[in-house]
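Sharing a sequence plus its predicted fold:
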Amino acid sequence: MPVIDPQTQTGETISPSLDPMRDYYQLQRTLLLLSLSLTGIIFVSVWIVYSLDMALNYLVGAFVGIVYLKLLAGDVAQLGLVNKRMGTRGMGLFVVLIVVASQWQKLHILPVFLGFLTYKVAIIAYMLQSVFTPESEPRH
């Protein structure tokens, strides 16, 4: 049965995606590429404005954040197939990152933490882009 879009009220039908996992993997790939792009831009900006040492601290956190995003994506892909708690491995990774940053003299906690949050900026940017840019044509 076709679904009527409540916003158009014209009776225009929208067919659901034929392969939801394909859409999920596309979203995962988009978020990964956006996270990597933002990491590169922010790394260069921090290097120019502050120092290479501070930029490398940011980079360590950003790469751990990307690994966390990949682990979380793997947990989401297995949702319903395996009975386990989501995000525990990633949170352990984050805790280890912060402990290492606090104990190692060369790492500074704030740039490492902000680097870790880069994947969240990518998620917010993707969400804003998808909200404010309507699809050009309906999916079939």
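Alright, I've got the coordinates.

Scan this structure for its longest helix.
Ranked by number of residues, the top helix in the chain under DSSP state H is helix 20-49.

What mean pLDDT does it get?
For helix 20-49, mean pLDDT is 93.

just checking, what packs against that helix?
helix 52-77, helix 109-116, helix 118-132 (3 or more Cβ pairs under 8 Å, 6 or more residues apart in numbering; DSSP states H and E). All C-beta spots, glycine's among them, are computed from the backbone N, C-alpha and C.

What are the buried residues along the second one?
With burial defined by 16 or more other Cβ atoms under 10 Å, the residues of helix 109-116 counted as buried are 111-116.

Format the residues you listed as CSV; extra columns: distance to residue 20.
As requested, the buried residues of helix 109-116 are arranged in CSV below (distance: Cβ to Cβ, whole Å):
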residue, distance to residue 20
111, 38
112, 36
113, 34
114, 34
115, 32
116, 29
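
Next up, the contacts around the residue positioned nearest the centre of the chain.
Centroid check for the chain by Cα atoms, centre = their mean gives residue 119 as the closest residue, at 4.1 Å. By Cβ atoms under 8 Å, 6 or more residues apart in numbering, the contact set of residue 119 is 31, 35, 62, 65-66, 68-69.

Show me which pair in the residues you listed is furthest apart.
Greatest spatial distance in these: 31 and 62, 13.6 Å, computed using Cβ to Cβ.

higher neighbour count, the two?
A direct count of neighbours by other Cβ atoms under 10 Å for residue 31 and residue 62 places residue 62 higher, at 25 against 19.

surely residue 70 meets residue 31?
No. At 9.9 Å, residue 70 does not count as touching residue 31 under the criterion of Cβ atoms under 8 Å.

Could you list the low-pLDDT ranges of the protein?
1-17, 80, 82-87, 136-140 (pLDDT under 70).

cutoff 90 now
The model of the chain has pLDDT under 90 over residues 1-24, 71-109, 130, 133-140.

Distance of residue 128 relative to residue 37?
15 Å (Cβ to Cβ, to the nearest Å).

I should have written residue 21 there, sorry.
Per Cβ to Cβ, residue 21 is found 24 Å from residue 37.
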